[in-house]
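In: sequence first, predicted model second:
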Amino acid sequence: MTVLFVTGTGTEVGKTVTTAALAALCIAPVAVLKPGQTGLRADEPGDVAEVARLAGPLVRPVELVRYPEPLAPDTAARRAGLPTLAPEDVAKAAADLAAEHPTVLVEGAGGLLVRYDEQGRTLADMAAACQDLGLPVAFLLVATAGLGTLNATALTAEALRHRGLPLRGVVIGSWPEAPDLATRCNLTDLPTAADAPLLGALPAGAATLPPPAFRTLAAASLAPCLGGTWDATAFTAEHRPPTL
């Protein structure tokens with residue numbers, strides 16, 4: 001049993017599609033937990049609904065709180081006059097789900113250190129609260145492909161190390177059809193920046209595929225340790241930048 005936290009180097013980097021790909025490769029029922037959903041009305045489908053749509057019927061989607069404005073959860077809660085979410089509440093929900101599911105995926109909002117409450121507690125604090133309950137915890141970092149991603153990746157990885165939270169690896173959330181020089185070089189440099197392996201690259205537009213095609217793509221886009229067949233060495237060699 002594992003509680004795998006999916007965080008990103010920022011917002012709109014492909015966390016939800018990566019979470020869906022992970023869920024699609026689980027061979028047993030998987031719980032997908034979204035602690036705080038922002039930017040949607042109560043009647044709109046959220047990120048966990050999108051994961052369930054793409055990944056299939058083995059997914060149990062759970063959303064704890066929702067705030068209507070597309071802001072950091074702490075800010076969105078304050079502006080809406082709604083209660084914030086404590087790390088202990090998330091840990092309790094994860095523990096309850098872990099009692100019934102071999103894998104629990106927890107998708108954060110934005111990046112690792114986005115504030116969820118008035119005390120400034122974050123997704124990292126939620127993971128620490130899970131550890132306090134004896135749950136095995138790991139992180140998967142979703143990064144952008146192009147220029148600027150190395151610094152954000154290194155900062156996130158350093159923050160995880162500082163807190164004693166294990167980083168399993170990095171997934172590129174949206175690999176472009178025509179990668180530029182920086183994007184190609186980043187295939188080699190991202191593992192160094194993260195001090196963790198590169199474990200996948202999801203093609204841009206993957207979420208627009210029909211669910212059966214998405215599930216096939218998920219297997220081809222994630223590494224064997226995540227349930228897929230993607231080969232980092234082969235992918236990096238295929239996209240090797242030209243020499244000077």
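Out: Good, I have the coordinates.
In: just the strands in the chain please.
Out: Counting by DSSP state E, the chain has strands at residues 2-8, 30-38, 59-67, 103-111, 137-143, 167-175, 198-203.
In: quick check: buried residues in the first one?
Out: Using 16 or more other C-beta atoms under 10 Å as the test for burial, strand 2-8 gives V3, L4, F5, V6, T7, G8. C-beta here means a position set from N, CA and C on the backbone, and glycine is covered the same way.
In: cool, the fifth one as well?
Out: Residues of strand 137-143 classed as buried: V137, F139, L140, L141, V142, A143 (neighbour count, 16+ other C-beta under 10 Å).
In: who are the packing partners of that strand?
Out: With contacts taken as 3 or more C-beta pairs under 8 Å, 6 or more residues apart in numbering; DSSP states H and E, strand 137-143 sits against strand 2-8, helix 15-24, helix 123-132, helix 149-162, strand 167-175, helix 181-194.
In: check the third one too.
Out: Judged by 3+ C-beta pairs under 8 Å, 6+ apart, strand 59-67 is in contact with strand 30-38, helix 47-55, helix 73-80, helix 87-98.
In: most neighbours per residue, which of these?
Out: Here the criterion is mean neighbour count by mean count of other C-beta atoms under 10 Å, and of these the winner is strand 30-38, at a mean of 25.
In: so who does F139 touch?
Out: L4, F5, V6, T7, L112, A127, L160, L165, P166, L167, R168 (C-beta atoms under 8 Å, 6 or more residues apart in numbering).
In: could you rerun that using 10 Å?
Out: 4-7, 106, 108, 112, 123-124, 127, 156-157, 160, 163, 165-170, 196 (C-beta atoms under 10 Å, 6 or more residues apart in numbering).
In: just P35 next, same as before
Out: Counting by C-beta under 10 Å, 6+ apart, P35 has contacts 5, 62-65, 73, 85-87, 89-90, 93-94, 106-109, 116, 123, 126.
In: same thing but 8 Å
Out: L64, V65, P73, L85, V90, A93, V106, G108, A109, Y116, L123, M126.
In: that one and P102, how far apart?
Out: 20 Å (C-beta to C-beta, to the nearest Å).
In: L160 - how many residues pack around it?
Out: L160 has 23 neighbouring residues, counting by other C-beta atoms under 10 Å.
In: isn't it up against L167?
Out: Yes - using C-beta atoms under 8 Å, L160 is in contact with L167, at 5.0 Å.
In: joint contacts of the two?
Out: In terms of C-beta under 8 Å, 6+ apart, L160 and L167 are both contacted by the residues F139, L141.
In: I'm done for today, thanks for sticking with me.
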